[in-house]
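Engineer: sequence plus predicted model, see below.
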Amino acid sequence: MPPRPKRARRATAAPDLFPEYGLAELGLAPGDAVRFRRRDSERWKDATVARRERDGSVGLHDDKGAARSLPIELIEVRTKGPRGGVVWEPLASRAARTEQLRLLRGARLDQETVAVYEASAARWQAEREPPDADAAAAFARRVAVGPTRDLPVVDLGCGPGWHTAALAAPFGPPAIAVDAARAMLDLVPGYAPDALRVQADLAQLPFRCRALGGAWAAKSYVHLRRADVPRALHDLHRSLEVGCPFTGVFFGGDEEHATFEDDDFPGRRFSQWPTDLLHDVIVGAGFTIQERSETSAAAPAEQAGTPAPAQSSKGTLARLTVHATRERSLADTVGPDMGVLVCGLNPSLHAADAGLGFSRPGNRFWPAALAAGLVSVDRDPLHALTHHGMGMTDLVKRASARADGLTVAEYTAGLARIDRLVAWLQPRVVCFVGLAGWRAATDRRALAGEQERLLGGRPVYVMPNTSGVNASSSLADLTRHLQVVATLASR
C-alpha cells in the first residue's frame with residue numbers, strides 16, 4: 001500500500017481586519033454618490049462607492065460602470081449646505097471629522113488604569129506567574145471546529161500575552177493581541193511571537209465588521225464603567241462573525257469602578273457585577289450565553305487569567321466566567337443619561353445583517369425620528385445615543401423573518417429584561433414601536449399612547465408599527481407620536 005500523504009497545512013489569506021481599509025472610517029457606505037477627478041484634470045465625474053482598497057484608496061464605479069480606485073484627495077462627497085441645499089465636500093475633510101466624532105463619542109477605558117499597566121508591565125510579568133493556558137486552548141479548539149475557523153481570534157486585554165499563543169486555532173491565522181498599554185504589548189513576542197499586536201482602547205476596537213472569529217477577554221472589561229460596557233460589547237458584536245464564541249471573565253459583586261485597598265498595583269479601577277445584570281447586558285449585546293460560572297477569590301489566581309486584587313471593600317471577590325456565542329441579532333445601543341429608550345419588537349434578518357434597526361428602505365422610523373427632532377443623523381444609532389440620548393433595544397433579541405414566530409415565553413422574558421434595564425439606566429421614557437409586542441407581553445387591549453404600566457419606574461409610550469406595510473399610519477402620524485415621546489422625555 002502506498003504511504004498516506006501528509007496533510008497539507010491549510011493556507012490562510014492575510015486577514016482584512018482594520019477599518020483603515022474600511023469605508024465607515026471615512027464616513028462612507030457602499031452605494032454612496034460621489035464625484036472624482038484625475039490629477040491631470042479639473043473635470044469632475046459622477047460615481048458610486050464600492051469598497052475601500054487595502055492601499056487606502058477608494059474603489060468606485062463611474063457612471064459607465066467601469067471600476068477604478070482613487071486616493072481620497074481626488075474624491076468629493078455630497079453633504080448638506082448651510083441653507084439646506086446640497087454641496088460637495090472633500091472626502092479628506094469628512095474622513096477627519098468622522099475620526100474626531102468616533103473618538104469623542106465612544107466609551108473609554110479608564111486612563112489611570114492604563115497608566116498603571118504602562119508603568120508596571122515589567123514588574124507585573126516578574127511578580128505574576130503565567131496562568132494555566134488550558135482554558136484558552138480549549139477555547140481555540142472550539143473555534144477550530146466552528147464556522148469561523150478561518151478568522152483570527154482576538155485576545156482582548158492580553159497583558160504580556162500569556163494566553164495569546166494558545167488562542168490561535170490549529171491551521172488557522174495567528175491570534176491578535178490587543179491591549180491599551182504599549183508596554184504590555186512589547187512583552188507579547190516572548191510568549192506569542194507570531195501574534196499580531198494592536199494597541200487599542202477596549203471600548204473602541206479598530207476592526208472592520210465581522211472580521212474576527214472569536215474573542216477572549218480575561219478580566220479586561222472590568223476596567224470599564226458598567227454603564228459603558230453595553231457600548232463596548234456593541235462594538236465587539238460588530239467586530240465578530242456570526243456564530244463565533246466569546247469568553248469573558250468579569251468580577252462579581254456590586255461596585256462601580258472603584259479602587260481596592262489591598263491592590264498591589266494601586267491606582268487601577270474595577271467594576272463588579274450582579275450576576276443577573278451582567279447576564280442581561282450580554283444578552284442585550286446580541287449574544288447567547290451557553291454557560292456561566294462563579295469562582296471565589298480563594299481559587300488559584302492563575303485559573304482564570306491575570307490575577308485580580310485579593311479583596312474588595314465588600315469582602316471576597318468573585319470571578320464570573322461567561323461562555324457565549326455571537327448571534328445573528330442586533331446589539332443594544334444604550335448608556336447613561338438617555339432621554340428615550342426605543343424598543344422594537346425583534347430584529348428582522350435584514351436589520352440583523354445590516355447592524356441597524358428599522359433598516360429596510362420602506363420603514364419610516366428614521367424619517368419620523370428626524371422629523372420629530374429626536375435625531376439629527378439618519379440611520380446612526382450611536383450618534384442618536386451619544387448626541388441626543390436616544391437608546392435602542394428590542395423586546396426579543398432573536399432575529400426572524402417574521403414576528404409571528406415569536407412565543408409568549410420570549411415576550412415575557414424580554415419584557416422582564418427591559419424592565420431591569422430601565423431600572424438600571426433610568427431613561428426618562430420608554431417608547432415601544434409597534435403595538436403587537438406590548439399587547440402580547442402585557443395587555444391585549446392596549447391602545448397607542450402613554451400606558452398605565454411603568455417599566456423600571458419610568459413611563460411607557462406605545463406607538464404604531466413604522467413598517468411600510470402598516471398603511472393605517474402615515475409618516476405624519478408616526479412623527480406626531482414621536483413628538484409626544486420627545487415631550488415626555490423633556491418633562
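Structural biologist: Right, received. Where do you want to start? Numbering: from 1, shown residues only.
Engineer: T247 belongs to a helix?
Structural biologist: No: when classified by DSSP: H, G, I helix; E, B strand; the rest coil, T247 is found to be strand rather than part of a helix.
Engineer: bridging residues for it?
Structural biologist: Per DSSP bridges, residues listed as beta-bridge partners of T247: W216, H323.
Engineer: what's it in contact with, if anything?
Structural biologist: With contact set as Cβ atoms under 8 Å, 6 or more residues apart in numbering, T247 has these partners: 135, 139, 215-218, 321-324. C-beta coordinates here come from the backbone N, C-alpha and C atoms, glycine included.
Engineer: now those: which count as buried?
Structural biologist: Of all the contacts of T247 considered here, the ones buried according to neighbour count by 16 or more other Cβ atoms under 10 Å are 135, 139, 215-218, 321-324.
Engineer: output these as TSV; include the columns distance to D46 and pLDDT.
Structural biologist: As requested, these are exported to TSV (distance: Cβ to Cβ, whole Å; pLDDT from 0 to 100):
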residue	distance to D46	pLDDT
A135	55	91
F139	49	93
A215	41	97
W216	46	97
A217	45	97
A218	51	94
T321	54	95
V322	49	97
H323	50	97
A324	45	98
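Engineer: endpoints of stretch 443-457, how far apart?
Structural biologist: With Cα to Cα, to the nearest Å as the measure, stretch 443-457 spans 18 Å from end to end.
Engineer: residues of it that come out buried?
Structural biologist: Burial within stretch 443-457, assessed by neighbour count using 16+ other Cβ under 10 Å, is assigned to 446, 448, 451, 455-456.
Engineer: from the residues you listed, which is closest to E89?
Structural biologist: Nearest to E89 out of these is A448 (Cβ to Cβ; 40.4 Å).
Engineer: state the phi and psi torsions of that closest one.
Structural biologist: phi -60, psi 140 (degrees, to the nearest 10).
Engineer: how about the contacts made by it?
Structural biologist: For A448, the contact set (Cβ under 8 Å, 6+ apart) comprises 435, 462-464, 481.
Engineer: swap in 6 Å and give it another go.
Structural biologist: By Cβ atoms under 6 Å, 6 or more residues apart in numbering, the contact list for A448 reads 462-464.
Engineer: give me the number of residues near T275?
Structural biologist: 15 (other Cβ atoms under 10 Å).
Engineer: and for the one 5 residues further on?
Structural biologist: The burial metric for D280, expressed as a neighbour count using other Cβ under 10 Å, is 20.
Engineer: quick revisit: tabulate the contacts of T247 (JSON lines), appending distance to A183.
Structural biologist: Shown next, in JSON lines, are the contacts of T247 (distance: Cβ to Cβ, whole Å):
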{"residue": "A135", "distance to A183": "25"}
{"residue": "F139", "distance to A183": "26"}
{"residue": "A215", "distance to A183": "23"}
{"residue": "W216", "distance to A183": "21"}
{"residue": "A217", "distance to A183": "20"}
{"residue": "A218", "distance to A183": "18"}
{"residue": "T321", "distance to A183": "27"}
{"residue": "V322", "distance to A183": "28"}
{"residue": "H323", "distance to A183": "30"}
{"residue": "A324", "distance to A183": "30"}
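Engineer: roughly how far out does stretch 280-291 sit from the chain middle?
Structural biologist: For stretch 280-291, the distance between its averaged C-alpha position and the chain's averaged C-alpha position is 12 Å (Cα atoms, centre = their mean, to the nearest Å).
Engineer: keeping just the C-alphas, turn that stretch into PDB.
Structural biologist: As requested, C-alpha coordinates have been extracted for stretch 280-291 and formatted as PDB (Å, rounded to 0.1, in the frame of the first residue of the first chain):
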ATOM      1  CA  ASP A 280     -28.900  41.000  30.800                       C
ATOM      2  CA  VAL A 281     -26.200  43.200  29.300                       C
ATOM      3  CA  ILE A 282     -24.500  40.300  27.400                       C
ATOM      4  CA  VAL A 283     -27.900  39.100  26.000                       C
ATOM      5  CA  GLY A 284     -28.800  42.700  25.100                       C
ATOM      6  CA  ALA A 285     -25.500  42.900  23.200                       C
ATOM      7  CA  GLY A 286     -26.600  40.200  20.800                       C
ATOM      8  CA  PHE A 287     -25.000  37.100  22.500                       C
ATOM      9  CA  THR A 288     -26.500  33.800  23.600                       C
ATOM     10  CA  ILE A 289     -25.000  32.600  26.900                       C
ATOM     11  CA  GLN A 290     -24.200  28.900  26.800                       C
ATOM     12  CA  GLU A 291     -22.600  28.600  30.200                       C
END
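Engineer: list the buried ones in it?
Structural biologist: Across stretch 280-291, burial judged by 16+ other Cβ under 10 Å covers 280-287.
Engineer: where exactly do the helices run in the chain?
Structural biologist: 91-105, 111-127, 134-144, 164-167, 182-185, 229-239, 275-284, 349-354, 365-372, 381-388, 408-425, 435-441, 475-489 (DSSP state H).
Engineer: lowest average confidence, helix or strand, in the chain?
Structural biologist: Taking all helices and strands of the chain together, the one with the lowest average confidence (mean pLDDT, DSSP states H and E) is strand 311-312, at a mean of 44.
Engineer: hmm, L187 and P160 touching each other?
Structural biologist: Yes: at 4.0 Å, P160 and L187 qualify as touching, with contact defined as Cβ atoms under 6 Å.
Engineer: any common contacting residues for the two?
Structural biologist: Shared between the contact lists of P160 and L187 (criterion: Cβ under 6 Å, 6+ apart) are residues Q125.
Engineer: where does the protein have low pLDDT?
Structural biologist: When the per-residue scores of the chain are filtered using pLDDT under 70, the ranges that remain are 1-22, 24-25, 54, 80-85, 96-108, 297-316.
Engineer: make it 80
Structural biologist: Applying pLDDT under 80 to the chain flags the ranges 1-27, 38-42, 53-56, 79-86, 93-110, 129-132, 148-149, 169-171, 296-316.
Engineer: which ones are touching S220?
Structural biologist: S220 sits next to 156-157, 202 when contact means Cβ under 6 Å, 6+ apart.
Engineer: still on that earlier bit, tell me which of the helices of the chain is the most buried.
Structural biologist: Counting by mean count of other Cβ atoms under 10 Å, helix 164-167 has the highest mean neighbour count of those, with a mean of 26.
Engineer: other SSEs contacting it?
Structural biologist: Contacts of helix 164-167 with other secondary structure elements, assessed using 3 or more Cβ pairs under 6 Å, 6 or more residues apart in numbering; DSSP states H and E, are made with helix 134-144, strand 153-156.
Engineer: make JSON lines out of the ones you listed and add distance to V114.
Structural biologist: What follows is those, written out as JSON lines (distance: least, Cβ to Cβ, whole Å):
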{"stretch": "helix 134-144", "distance to V114": "23"}
{"stretch": "strand 153-156", "distance to V114": "14"}
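Engineer: who wins for proximity to N346 among those?
Structural biologist: helix 134-144 (27.5 Å).
Engineer: chain center to that closest one: distance?
Structural biologist: Using Cα atoms, centre = their mean, we find the averaged C-alpha position of helix 134-144 to lie 23 Å away from the chain's own average C-alpha position.
Engineer: now what about it, what contacts it?
Structural biologist: The set of residues external to helix 134-144 that reach it, using Cβ under 6 Å, 6+ apart, is 149, 153, 163, 166-167, 169-170, 213-214, 216, 245, 247.
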